[in-house]
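# coords please:
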Amino acid sequence: MKNIKKTTDINRLLGAATALYGAAIMARPEWLAKPCALPLEPGGRVPRDTGLLIRAFGSRDLVIGLVMVAATGDDARRLATWCRVAADTSDAVVFGTQLPQKQARLKTAGAAISWAALCALSLRSIRS
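The predicted structure follows:
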């Protein structure tokens, strides 16, 4: 019997979490709009234009996350992960400088840059 080393692949887990989050904000754009302190319509609904942009973010996250999970080659997983890091870093810059409220800028940028760092660190779990 072969000696199989069992490890948790944190990179694939982060990819799955990214994909789930992307799908979630596509279905419920208010889950991103509210922490960003974006204007909502009466009743708490997200305006159509804002929802469109949030769904675009969600689809990006869904696709990158699925590639992180499903890619069979290490190079493809690394590339997908670097795409995730770049996307989250750019989100941190844009949200951290452009959101209307300081508290929302800090919270959203902090979450994005933390996720970027976590994904970058997860590159170590990809074994060649």
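
# For the residue lying closest to Leu106 once chain neighbours are set aside, give me the pLDDT.
What sits nearest to Leu106 in space, not counting adjacent residues and going by Cβ to Cβ, 6 or more residues apart in numbering, is Gly96, at 7.4 Å. To be clear about C-beta, it is placed using only N, CA and C from the backbone, and glycine gets the same treatment. Here, the pLDDT recorded for Gly96 equals 97.

# tell me how far the strand or helix carrying Ala86 is from the chain's mean position?
According to DSSP states H and E, Ala86 maps onto helix 74-98. Offset of helix 74-98 from its chain centre (Cα atoms, centre = their mean, to the nearest Å): 8 Å.

# Tell me the helices and strands packed up against that helix.
When contacts are defined as 3 or more Cβ pairs under 8 Å, 6 or more residues apart in numbering; DSSP states H and E, helix 74-98 sits against helix 10-27, helix 48-70, helix 102-122.

# rerun at 6 Å
helix 48-70, helix 102-122 (3 or more Cβ pairs under 6 Å, 6 or more residues apart in numbering; DSSP states H and E).

# Tabulate those helices (TSV), appending distance to Ala17, mean pLDDT and mean neighbour count.
What follows is the helices and strands packed on helix 74-98, written out as TSV (distance: least, Cβ to Cβ, whole Å; pLDDT from 0 to 100; neighbours: other Cβ atoms under 10 Å):
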stretch	distance to Ala17	mean pLDDT	mean neighbour count
helix 48-70	7	97	18
helix 102-122	9	97	17
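
# Can you add distance to Ala80 and give these back as CSV?
Below are those laid out as CSV (distance: least, Cβ to Cβ, whole Å):
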stretch, distance to Ala80
helix 48-70, 4
helix 102-122, 10
